[in-house]
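Undergrad: Next comes the sequence, and after it the predicted model I'd like to discuss.
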Amino acid sequence: MKIRLLRSEALRNRLDLMALLPISGWEVFFYLIPLLFLLIISFWTSKDYDLIPTWSLSNYQEVFSNPLFRKAFLWSVWITIATLLITISVAYPFAYGLAFVVPKKYRQVILIAIVAPFWTNYLVRVYSWQLIIGGNGIISQSLIALGLIDTPLQILYTHVATSIGLLHFLITVMILNLYSTLDNIDRSLIEAASDLGAGPFRCFFWIIFPLSVPGLAIGTMFVFIFAFTDFIAPSVLGGGTKPVFSQMIVDAAHWNANYPMASALSAVMLLAISAFLLLLFRIVKGIIKG
Amino acid sequence: MATQSYDVILENVSKSYHKTRAVDRVSLNVKQGTFLTLLGPSGCGKTTTLRLIGGLETPDEGRILIKGRDVTHIPPYKRETNLVFQDFALFPHMNVFNNIAFGLRMSGVDRKEIDRRVHAMLEMVGLPEVLHRRPNQLSGGQRQRVALCRALILEPAVLLLDEPLGALDAKIRKQMQAELKNLQVKLGRAFISVTHDQEEAMTMSDEIAIMNNGKIEQVGTPLSIYERPVSRFVATFLGDCNLIDVIVQNVAPDMVTLRSNLGDFSFTPPTAWQPIVKGAAASLMIRPENIHIEEVNPAMVNRVQGIVSESIFKGSNTEYQIRVNSTHINVQVQGRSNLKQGQSVTAAWRSVDCYLFS
Amino acid sequence: MRRTGRYIFFAILGLVLLFIFAPIITIVVFSFNVDKFASLPWKGFTLAWYSNLLLDANIIEALKKSIIVSISVALSSCVLGFLGAYALYRRPFKLQNVYLAFMISPLAVPWVILGLALAVFLTRLDMEGSLVSVWISHTVFAAPFAMLIIRARMSGLDSRFEEASWDLGANRLMAIWYVVIPLTLPGIIAAFLLTFTISFDEVIIAWFVCGFEETLPVKIYGMIRSGINPTINAIGSIIFIFTMSAAVLSQILIRKPRDS
């Protein structure tokens, strides 16, 4: 009787873990393998929509030598860093105010308010910025009507427009991350600092800010990855003149059907992102340690 | 009145939250170098009072003086008080050294001096080896000592402690009670502690202030409050007691006679007793340990007859519940005792072993 | 000094909120505007753009496809996610955090790259350019997401309920059907709604793998690239209302159970 129970126990345990198989299998077959395959074909070349297993570094050489790609890469870096800085500058005070200044009863409402715009399609929201900042847009018309400017605004199809489109989404992400971290800071730590002689500014510098770094880091990670890889905001709002790196991938794949090139570009993009994440991790570790 | 001999003075201090008065016109004088405990049930206002002294709350009315200086509207970082928080509030992102050094850093003390003083402080509490650890790597008792160091290193005029032993295991608690008391005596500074544990208060304090509903009911030494409570609340809060409703028959300097439905009793008032008018209703309080069942001698003039209804053996003593007419009294007998349930007994106490208040 | 600090905060609050809300307000307001552009003053109220929607066969087709795909994605994700959550709940194992990190990674990998990889891979398997390929691709990131949500809900489930049912004679499947699923149902429904919403909204991966079977977001992308078109406003407003309802509903369900 006991032996049978033990065996059924072992069987039960095995059956339990088997429930992990379907989802794991799906991810391995439709996620891991495609990505690996992508890596493989980055060493191949294409001709007339066919993939030829060349096994060379020619694609990568092209990525690093072609000025078009280099410009696009630098442009992506520039937009990303600018967007990151603006996002943090706006989101931090907002999140701080929400966590420490705004009375509790209004907080939930405001949180829902900043999430609400996500309830419509990202595309549609990016599109709507055209209506707002375009030459015929709301801002332009208002400024003309008020007599502040003579000619229609030329923000659209510039990097400012692209940033606005990205910012709009990313500010909310950053605010939510920062708010959750700031809200979780034990208030008695701030009181203790105050009790030990730290005025309001020093309380922020020594206690609040260091403890907010984890949330800031996660937010930064999201902002970076999104700003660096999104091609929709740049293409809809930024115009075609200064393409971003992700656009290069899309062009290579969709318009040129040169998948090996597209995968080489993707690999480089992933490398860049990994490098950044490592750097971020190092910085955060440094702040936390000292 | 020489305000300099008091470390802390509260004058008619009140504080309300959302229309409830957490602290209601509280006045308190804390003598120099005393260990005072604010004692009371939860919600009585003791923690709020402590925080008012520390500057973490501002009173709606009244004044607060520390060492003669009016600090009512001065923020906590400019007061000569330091608070040891209930959960210690050690900064999780700093190690022990930096936690303790924090206050010194804020006052601009130079590095060498900070180093010396932090080391000295940790030596004094016996924890030199935890210097570089983080709070989450310390035990509860260690954390408490670090929190103490952090506060004491600033040499505050008054050290405030919010339920300092609440987060500790029962075993360590006894040890820490003694350590805290010794520390306070050694430093000679005023300590104001908040607790709801009356045993802790009795053990450590020079003086106890019992609070209820935002008001201070009584201030005094543990002994005086225990033996001479001014109200039913104080009497019942500080441990078991028996309360008999009596009517005062005759008041003489050395003897007060009383009448109750359990019999006539006499009470010998202590020296500073507030006299009660003849004919008034009052409460006679007798502590269970002062009532004798087994070794009754003639000096115990107050007697009642009753029947043992319950007995609880507690190890070092035995508690009995004696039914007397329609009520019962609680008696505590030291050591072993073998009275059976239903047994008829005489319970007696001396006239000096009880207390009368209105 | 403190007063002015407060006013500054509230000013920043207001400006940021205005910035965040600007698009959604624009979309809704100007979906009723006669004029193509966001003209001020308003040229006139009309429901034409909405009726346009209903008459445009292409858009309705795309909408149908989106709904079909999203429901399928939600179903497959919830099934896979539930099984995965259940396995982890019953038998946590040592390297489970590494495993979970891997499973969540599809949400962190840039979807441009994911879309590209899936397009290439599915083409090799001759499965590209259909709604099936969209379904497969979306499930890749939706299933782990569903697993997370359901797992969060399951962690509050006392394992003794299931054990009690075994004790009373239920076999594994019956126990799961009669005990585990009902008690985790709010989490499952929340996962369903959220995965549906994410799949319904997703454009990048869908764009890569759908070929000619355009889902609604892909169709919208095409419309946007052809120029200003207020029909987009109308679509956006309708999506907004539906997504909002789904989000509100899933929020109500995601909250921990009250003691019944």
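TA: Now that the structure is in, tell me what you want to look at.
Undergrad: going forward, measure contacts between C-alpha atoms and count neighbours the same way
TA: Will do.
Undergrad: Tell me the spacing between residue C:102 and chain B.
TA: As judged by Cα to the nearest Cα, to the nearest Å, residue C:102 and chain B stand 29 Å apart.
Undergrad: On the pLDDT front, check that residue for me.
TA: Residue C:102 is assigned 92 on the pLDDT scale.
Undergrad: did I read that right, it in a strand?
TA: No - under DSSP: H, G, I helix; E, B strand; the rest coil, residue C:102 sits outside any strand and is assigned helix.
Undergrad: Counting neighbours, what do you get for it?
TA: When counting by other Cα atoms under 10 Å in any protein chain shown, one arrives at 15 neighbours for residue C:102.
Undergrad: Remind me which helix or strand the residue in the stretch 51-200 of chain A that chain B sits nearest to belongs to.
TA: Minimum separation of the stretch 51-200 of chain A from chain B (Cα to the nearest Cα) falls at residue A:197, amounting to 3.8 Å. Assessed by DSSP states H and E, residue A:197 sits outside every helix and strand.
Undergrad: which stretches of chain A aren't confidently modelled?
TA: Scanning chain A for pLDDT under 70 picks out the ranges A:1-13, A:290.
Undergrad: you'd agree the residue of the stretch 51-200 of chain A closest to chain B is up against residue B:77?
TA: Yes - when contacts are counted by Cα atoms under 8 Å, residue A:197 is listed as touching residue B:77 (3.8 Å).
Undergrad: returning to what we had before: for the residue of the stretch 51-200 of chain A closest to chain B, give me its contacts.
TA: Residue A:197 sits next to B:76, B:77, B:78, B:103, B:106, B:107 when contact means Cα atoms under 8 Å, 6 or more residues apart in numbering or on different chains.
Undergrad: For the first one, report the pLDDT, please.
TA: According to the model's per-residue confidence, residue B:76 sits at a pLDDT of 90.
Undergrad: Just give the closest residue to it, not the sequence neighbours.
TA: Counting by Cα to Cα, 6 or more residues apart in numbering or on different chains, residue B:55 is the residue found nearest to residue B:76 once chain neighbours are left out, at 4.5 Å.
Undergrad: Got the confidence number for that neighbour?
TA: pLDDT at residue B:55 comes out at 91.
Undergrad: next one: phi and psi at residue B:251?
TA: phi -120, psi 120 (degrees, to the nearest 10).
Undergrad: right, and the residue nearest to residue B:76 touches residue B:80 too?
TA: No - between residue B:55 and residue B:80 there is no contact under Cα under 8 Å: 9.9 Å.
Undergrad: Between these two, which is the more surrounded one?
TA: It is residue B:55, of residue B:55 and residue B:80, that has more neighbours when counted by other Cα under 10 Å, with 27 against 20.
Undergrad: wouldn't residue B:290 be in contact with residue B:353 here?
TA: Yes - between residue B:290 and residue B:353 there is a contact under Cα under 8 Å: 6.2 Å.
Undergrad: What distance do you get for the residue nearest to residue B:76 to residue B:70?
TA: Distance of residue B:55 to residue B:70, computed by Cα to Cα, to the nearest Å: 12 Å.
Undergrad: go on, residue A:264?
TA: Between residue A:264 and residue B:70 the distance is 73 Å, computed by Cα to Cα.
Undergrad: more neighbours, the two?
TA: Taking neighbours as other Cα under 10 Å, residue A:264 and residue B:70 compare with residue A:264 leading, 26 against 14.
Undergrad: Now do the host helix or strand of the more buried one: distance to the chain's middle.
TA: Element membership of residue A:264 [criterion: DSSP H and E] is helix A:259-289. Averaging C-alpha positions (Cα atoms, centre = their mean, to the nearest Å) puts helix A:259-289 12 Å from its chain's average.
Undergrad: Any part of that helix near chain B?
TA: Yes - using Cα under 8 Å from any Cα of the partner chain, helix A:259-289 reaches chain B at A:288, A:289.
Undergrad: Pull out the buried positions in that helix.
TA: A:259-270, A:273, A:277, A:280, A:284 (16 or more other Cα atoms under 10 Å in any protein chain shown).
Undergrad: And the helices in the stretch 1-150 of chain B, which stretches?
TA: Per DSSP state H, counting those that start in this stretch, the stretch 1-150 of chain B carries helices over the ranges B:46-54, B:96-106, B:111-125, B:140-152.
Undergrad: how about low-confidence regions in the stretch 1-150 of chain B?
TA: Within the stretch 1-150 of chain B, the stretches with pLDDT under 70 are B:1-4.
Undergrad: Tell me the residues on it that lie near chain A, please.
TA: Residues of the stretch 1-150 of chain B lying close to chain A (Cα under 8 Å from any Cα) are B:54-56, B:76-79, B:81-83, B:85, B:89-91, B:93-94, B:102-103, B:106-107.
Undergrad: How about the residues of the stretch 101-250 of chain A by chain B?
TA: Taking Cα under 8 Å from any Cα as the criterion, the stretch 101-250 of chain A approaches chain B at residues A:188-189, A:191-199, A:207, A:210-211.
Undergrad: try it again with 7 Å
TA: Within the stretch 101-250 of chain A, the positions near chain B by Cα under 7 Å from any Cα of the partner chain are A:188, A:189, A:192, A:194, A:195, A:196, A:197, A:198, A:199.
Undergrad: What count of nearby residues applies to the closest residue to residue A:137 other than its chain neighbours?
TA: Nearest in space to residue A:137, with sequence neighbours left out and distances taken as Cα to Cα, 6+ apart, is residue A:131 at 4.8 Å. Per other Cα under 10 Å, the neighbour tally for residue A:131 reads 25.
Undergrad: where's residue A:131, which helix or strand?
TA: Assigned by DSSP H and E, residue A:131 belongs to helix A:122-133.
Undergrad: How far away from the center of its chain is that helix?
TA: Mean-position distance between helix A:122-133 and its chain equals 19 Å (Cα atoms, centre = their mean).
Undergrad: And stretch B:183-194, by the same measure?
TA: Centroid separation between stretch B:183-194 and its chain, computed with Cα atoms, centre = their mean, is 14 Å.
Undergrad: Put the alpha carbons of it into CSV.
TA: Extracted in CSV, the C-alpha atoms of stretch B:183-194 (Å, rounded to 0.1, in the frame of the first residue of the first chain):
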residue,chain,number,x,y,z
LEU,B,183,22.6,52.7,29.7
GLN,B,184,20.4,55.5,30.8
VAL,B,185,21.9,55.6,34.3
LYS,B,186,25.3,55.6,32.8
LEU,B,187,24.7,58.4,30.4
GLY,B,188,22.6,60.4,32.9
ARG,B,189,20.3,61.7,30.1
ALA,B,190,16.6,61.8,30.1
PHE,B,191,14.9,58.9,28.3
ILE,B,192,11.3,59.0,27.4
SER,B,193,9.9,55.7,26.4
VAL,B,194,6.5,54.7,25.1
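Undergrad: and the helix or strand hosting residue A:160, is it in reach of chain C?
TA: Applying DSSP H and E as the criterion places residue A:160 in helix A:159-183. Yes - residues of helix A:159-183 contacting chain C under Cα under 7 Å from any Cα: residue A:168.
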